[in-house]
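Student: How does the following fold in three dimensions:
(chains A and B)
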Amino acid sequence: MARRPRPLRIATWNINSVRLRSARLGDLAAALEPDILCLQETKSPDEHFPLAEVKRLGFRHVLMRGMKGYNGVAILSRLPLAPVEGMPDWCTKGDCRHIAADIDLPGGPVRIHNFYVPAGGDIPDPEANPKFRHKLEFVEEATRFFQAGAADGGRTVLVGDLNIAPLPDDVWSHRQLLDVVSHTPVETEGLTRWLATAGGWVDAPRVTVPVPQKLYTWWSYRNRDWRLSDRGRRLDHVWLTPDLRGALKDTTILKDARDWPQASDHVPVMATLLI
DNA sequence: ATGGTAGATATTCTA
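Tutor: Predicted structure coming up:
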């Protein structure tokens, strides 16, 4: 008798300070009911992470990698997690931009990679701008990591703020953003090479909302009225290894979160798998 | 063409 597949909801959110916005985690949990929630830009050393609050919300299993002031990632889970050890120190900077875990599930584990790719500064020139060079090198290193077989075990979900909007319909104006960091050809081509690793990742939100529909996950703080101007970009991603393509049931982009009190400039993205 | 806002931290960096 075949086991009945059950929904597994995996969400990602650049929270832009977990200490400032810990109360919004309850709003997110109520709205999306994720089983797994991956955070980026927690901006908190691990000893100051609001762990008790997160556990009260039902995320009893938490892995984090934080530092003072910047960066920081975490995986919150209702299901048991096993940390994946021995991951690279990306660009040898020790700067808390990646954490990985195995979720214990019937039929075997599902591996989660949670990434926070460098934003890259303002000037899209790797010679003039070390932050942009770091971004390109980070994406190349991640590409080599998966080319070398890091997801060959299958059943892998890669999420995070990748800080690149790869497709023309992932930005409000393809033409006007071609020389803006996050949508330059050198970045989108780099992300496309990363996407082609692991046998070809499935870009989950683009399965349920195909091009040429516009799809954004981030709206700048520097707009008078983000909804009216709608100058968004799709910077936050959920990718699946090909063996999970058939399990993909739906995706959700929680646009309403951009209007929450003290909103993050990113909104949560979730994939529902039947697994 | 420019500057606009937000967060952590410390008087500036990152986004």
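
Student: helix, strand or coil for the residue nearest the centre of chain A?
Tutor: Nearest to the geometric centre of chain A sits A:Gly160, at 1.3 Å (CA atoms, centre = their mean). When classified by DSSP: H, G, I helix; E, B strand; the rest coil, A:Gly160 comes out as strand.

Student: wait, isn't it in contact with A:Phe115?
Tutor: Yes - the criterion here is CB atoms under 8 Å, and A:Gly160 meets it with A:Phe115 at 3.6 Å. For glycine as for every other residue, the C-beta is placed from the backbone atoms N, C-alpha and C.

Student: if I look at those two, which residues touch both of them?
Tutor: A:40, A:73 (CB atoms under 8 Å, 6 or more residues apart in numbering).

Student: distance of the residue nearest to the centre of chain A from DNA strand B?
Tutor: Here A:Gly160 is placed at a distance of 12 Å from DNA strand B (CB to the nearest atom of the strand, to the nearest Å).

Student: Ok, A:Val139 next?
Tutor: 14 Å.

Student: which residues does the residue nearest to that residue when sequence neighbours are not counted contact?
Tutor: Closest residue in space to A:Val139, ignoring its immediate chain neighbours: A:Gly190 at 4.4 Å, by CB to CB, 6 or more residues apart in numbering. Neighbouring residues of A:Gly190 by CB under 8 Å, 6+ apart: A:136, A:139-140, A:143, A:164.

Student: Inside helices: which ones of the residues you listed?
Tutor: A:136, A:139-140, A:143 (DSSP state H).

Student: which of those residues has the most neighbours?
Tutor: Neighbour counts for the ones in helices among the contacts of A:Gly190 (other CB atoms under 10 Å) peak at A:Val139, which has 24 neighbours.

Student: which bits of the stretch 1-150 of chain A sit near DNA strand B?
Tutor: Those residues of the stretch 1-150 of chain A that sit near DNA strand B, judged by CB under 7 Å from any atom of the strand, are A:16-17, A:19-20, A:41, A:43, A:68-70, A:118-121, A:131.
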